[in-house]
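Asker: only geometry, no sequence info:
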RNA sequence: GGACCCGUAGCCUAGCAGGAUAGGGCGUGGGCCUCCUAAGCCCAAGGUCGCGGGUUCAAAUCCCGCCGGGUCCGCCA
């Protein structure tokens, strides 16, 4: 509905309706700063320019009034806008917010090496990618998600070696794999002659040696089993798990190499080398021993992606920036559609960066367990069943973890802090879940008392209600911004502000105790808020609880 | 050394196609449950928006330089 308001403002401003100068404001429902721009170009006073513009304007559509103040042109929405906002939310329910973007989108995310369990760095990737996929889906796209299984790297050969030397313990599979992988790395330091075996495994795997191939696939699948359990608990979903080695197996890596070769850019000096303009570092496609490198397989994978999708999104750690820019450049050369890459910065521990190889990490499983324990403590004294407590604690814990990662802009470094991770007193997912539960509770009671009619009236709105409705109207607008920029934290910020608006309203204005007309009006508003919070939480993969 | 990212109160963070008193939260101090869930709400203190220049009527936001932190610069992925 807010998008409609913007359209109306554009219409009112006519020639001055440049969208770049229309923005949200704390002083109005919308404002335009076009007068400042014109003042700059013409050398006039912005105040006077704004006054002159406003003189010639007539409000229309959802806009009730236009004012010029200090160069700003302020717009206010009318009561019809408030009513239509609430009505369309109540009508559309879970579909409220849906946009009409069209096309097929592939989102690849997480794609952690299957040499151990997911750690909190992978969680950032998984949550970001999963939220982006949810947002794009709500925006109208046909979305598919991929986990790219990096089964061909050196680290997998070391994992294989670890299995040969130590086997796997009976821990959760991904943790068992990590233990042997870590031990194998220690062993490699002590006995450098084992390097030969590592290389042999890599060579045999790439040449599809039957025994090594089968065993490697089993090891990787075993690790993946545990990883999938973790992802499921995190409420992160992948439609497909794609094996890197399949692109070797089906010949598409060779095809890509041929394509590049035809472009006459490959130097063959034993190894296959491409020197890209503007890059200080050359790209190696093939080693002297004939095996391919990651980038060769990645090119094949992206060539495949480009055939089926209109928009391709990759979520990657910032350490992949060089690789990604080289990949993009090579894709450009062979005329293949390029992906949009969403980078996120590192999650480190107070004692430094994490490393699976060195066994220095906080696993996602450990994080989920500890956060849940903490959530359970808060529920101890509540008069609800143990089963309910467990379900609530689980939803609160997963929500808190997801929210903590999605809330901060991806380009910010995160230093993981246990104290912060376990603190529910902060404004976090549980704040939004609690607000949602509050709304549900009022509606539940209303139903119990036989007060099921809802009837929102624009003219009954007080200050807090009006503010709340205006913010409710912004949900599709915020979704659009998040989908365009691939920045899910807009949604997190939005839900916090909406919760705050609702809690202010809740404190000052009783719902169930007022006379009928006002009660029906407020109940409608409570229900509309409930719906938007629910839809918003679902965009972030957080369970909207009805009781807490 | 080069390239990229970050630097906003004691701590975490939003704002960064320039614009109205720099928003939140944690922590600190003080209030609010005979009333729809206090995982809530209100008030207060706390800010050279890393530093120095520049552009502009206007800079947290754009440009340049510096400082601090991170990442990358493998025939690893």
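Answerer: Happy to help now that I have it. All of these numbers come straight from a predicted model, not from anything done at the bench.
Asker: OK, contacts around the nearest residue to residue A:424 once chain neighbours are set aside?
Answerer: Using CB to CB, 6 or more residues apart in numbering and skipping residues adjacent in sequence, the residue nearest residue A:424 is residue A:430, 5.0 Å away. Glycine gets a C-beta too; all of them are placed from N, C-alpha and C. Neighbouring residues of residue A:430 by CB atoms under 8 Å, 6 or more residues apart in numbering: A:375, A:396, A:399, A:400, A:424, A:548.
Asker: Mind telling me what element the first one is part of?
Answerer: With elements delineated by DSSP states H and E, residue A:375 resides in helix A:364-379, which encompasses its position.
Asker: what sits up against that helix?
Answerer: For helix A:364-379, contacts defined as CB under 8 Å, 6+ apart pick out A:117-120, A:122-123, A:172, A:175, A:230, A:233-234, A:389-390, A:392-394, A:396-398, A:400-401, A:418, A:421-422, A:424, A:430.
Asker: Over to residue A:513. Which of the three states is it?
Answerer: Of the three states, residue A:513 takes coil under DSSP: H, G, I helix; E, B strand; the rest coil.
Asker: measure it to RNA strand B for me?
Answerer: According to CB to the nearest atom of the strand, to the nearest Å, residue A:513 stands 6 Å off from RNA strand B.
Asker: Can you give me the pLDDT of that residue?
Answerer: If you check residue A:513, the pLDDT there is 93.
Asker: So what's the residue count around it?
Answerer: Around residue A:513 there are 8 other residues, counting by other CB atoms under 10 Å.
Asker: And the one 5 residues further on, by the same measure?
Answerer: With neighbours defined by other CB under 10 Å, the count for residue A:518 comes to 17.
Asker: what helix or strand is it on?
Answerer: Residue A:518 is part of helix A:516-539, with elements assigned from DSSP H and E.
Asker: one step back: what about RNA strand B: which of the contacts of helix A:364-379 touch it?
Answerer: Restricting these to those adjacent to RNA strand B (criterion: CB under 7 Å from any atom of the strand) gives A:392, A:396, A:424, A:430.
Asker: most neighbours, which of those residues?
Answerer: The residue in those with the most neighbours, by other CB under 10 Å, is residue A:396 (27 neighbours).
Asker: What sits closest to that one if chain neighbours are left out?
Answerer: Sequence neighbours aside, residue A:375 is the residue nearest to residue A:396 in space, at 4.3 Å (criterion: CB to CB, 6+ apart).
Asker: where does that neighbour land on pLDDT?
Answerer: pLDDT, read off for residue A:375, is 94.
Asker: and what of residue A:486?
Answerer: Looking at residue A:486, its pLDDT is 97.
Asker: for the residue nearest to it when sequence neighbours are not counted, what are its contacts?
Answerer: Distances taken as CB to CB, 6+ apart place residue A:342 nearest to residue A:486, at 5.1 Å, with adjacent residues excluded. Taking CB under 8 Å, 6+ apart, we find residue A:342 in contact with A:128, A:129, A:132, A:313, A:314, A:315, A:316, A:410, A:486.
Asker: Those in helices, which ones?
Answerer: When the contacts of residue A:342 are checked against helices (DSSP state H), the matches are A:128, A:129, A:132.
Asker: which one among those gets closest to RNA strand B?
Answerer: Nearest to RNA strand B among these, counting by CB to the nearest atom of the strand, is residue A:128 at 12.7 Å.
Asker: how many neighbours does that closest one have?
Answerer: 26.
Asker: what does the one 4 residues further on give?
Answerer: For residue A:132, the count of nearby residues is 25 (other CB under 10 Å).
Asker: Show the contacting residues for it.
Answerer: With contacts defined as CB under 8 Å, 6+ apart, the neighbours of residue A:132 are A:107, A:109, A:313, A:315, A:342, A:486, A:488.
Asker: Looking at neighbours, which among the residues you listed is most surrounded?
Answerer: Tallying neighbours with other CB under 10 Å puts residue A:107 at the head of these, with 31 neighbours.
Asker: which SS class is that one?
Answerer: Secondary structure, three-state DSSP: residue A:107 is strand.
Asker: pLDDT at it, what is it?
Answerer: Model confidence at residue A:107, given as pLDDT, is 98.
Asker: count of residues packed around the residue nearest to residue A:396?
Answerer: By other CB under 10 Å, 24 other residues sit near residue A:375.
Asker: can you check residue A:437 too?
Answerer: Neighbour count for residue A:437, taken as other CB under 10 Å: 19.
Asker: give me every residue that touches it.
Answerer: Contacts of residue A:437 (CB under 8 Å, 6+ apart): A:545, A:546, A:547, A:548.
Asker: helix/strand/coil for it?
Answerer: Per three-state DSSP, the secondary structure class of residue A:437 is helix.
Asker: ditto for residue A:90
Answerer: Under three-state DSSP, the three-state class of residue A:90 is helix.
Asker: residue contacts, it?
Answerer: Applying CB under 8 Å, 6+ apart, one finds that residue A:90 lies in contact with A:454, A:456, A:524, A:527, A:528, A:531.
Asker: ok, so what distance separates it from RNA strand B?
Answerer: Using CB to the nearest atom of the strand, residue A:90 is found at 18 Å from RNA strand B.
Asker: Distance of that residue relative to residue A:442?
Answerer: According to CB to CB, to the nearest Å, residue A:90 stands 15 Å off from residue A:442.
Asker: Can I get the ones in helices among the contacts of residue A:342 in a markdown table including distance to RNA strand B and pLDDT?
Answerer: Listed next are these as a markdown table, based on distance: CB to the nearest atom of the strand, whole Å; pLDDT from 0 to 100:
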| residue | distance to RNA strand B | pLDDT |
| --- | --- | --- |
| A:128 | 13 | 98 |
| A:129 | 16 | 98 |
| A:132 | 15 | 98 |
